[in-house]
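Trainee: Okay, sequence plus prediction incoming.
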Amino acid sequence: MQQAAEYCGLQVNRKGLCLCPFHHDTNPSLKIYPNGKGFYCFTCGAGGDQVKFMALYRGVSNYEAAKELAEAFGVPVRVPSTYREKREAALRQRRRQEEANFASQAKKILTDYRGLLCMAVRERNGHFFEGLGELTYVEYLLDCLEQCPGDVYADKKAVRRIGEIERRTAGWD
Ligand SMILES: [Zn+2]
């Protein structure tokens, strides 16, 4: 209860009293009870538990208030989940995993290719023009992978191109 009050910016003194935010209070008259026993204002009569406090303070429903407190204090909220929701969550999880695998693989391929291209430009070898032409694009793809790997993974053209680059570097001479 005290944490919730302090979260709302109220200062609770040693006696567990603070200025009541529910009436014009100049002398602390809102009592915070320890061990989850809630609050009570001796002047205006407002009282209840921390959820009620938050709801009154924000002017929202108990549900909204409980949600805000849970988020603020990192309390996990158990939401009833249907079979379908569980399945969708599992699919999202799998997709995130696929994305992560793809991104790390793609980064490796592109970094290798970038190294080869840089060398080609530096040494003006047979791959010189390929280096000039492709470096910007490779840099761009690496940037995208850093910022939003999901978008690259969803872009069929980019995925195909990365596949081609992998074969290209494998047959590099
Ligand atoms: Zn009051």
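Mentor: Alright, I've got the coordinates.
Trainee: Pull the contacting residues for E130.
Mentor: E130 is in contact with L117, A120, counting by CB atoms under 8 Å, 6 or more residues apart in numbering. Just so you know, the C-beta spots here come from the backbone N, C-alpha and C atoms, and that holds for glycine as well.
Trainee: any idea how far it lies from I109?
Mentor: E130 sits at a distance of 16 Å from I109 (criterion: CB to CB, to the nearest Å).
Trainee: How about R78?
Mentor: Applying CB to CB, one obtains 42 Å for the distance of R78 from I109.
Trainee: higher neighbour count, the two?
Mentor: For R78 against I109, the residue with the higher neighbour count under other CB atoms under 10 Å is I109, and the figures read 20 against 5.
Trainee: show me what contacts the more buried one?
Mentor: If you count contacts by CB under 8 Å, 6+ apart, then I109 has I162, I165, E166, T169 around it.
Trainee: Could you export those residues as CSV, including neighbour count?
Mentor: Below are these laid out as CSV (neighbours: other CB atoms under 10 Å):
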residue, neighbour count
I162, 22
I165, 21
E166, 16
T169, 16
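Trainee: Tell me the one of the residues you listed nearest the ion?
Mentor: Within the set of these, I162 lies nearest the ion; the separation is 63.9 Å, counting by CB to the ion.
Trainee: looking at it, that closest one is touching T111, isn't it?
Mentor: No - with contact taken as CB atoms under 8 Å, I162 and T111 are classed as non-touching, separated by 11.6 Å.
Trainee: Report the secondary structure state of Y40.
Mentor: Applying DSSP: H, G, I helix; E, B strand; the rest coil to Y40 yields a three-state assignment of strand.
Trainee: Thank you kindly, that will do.
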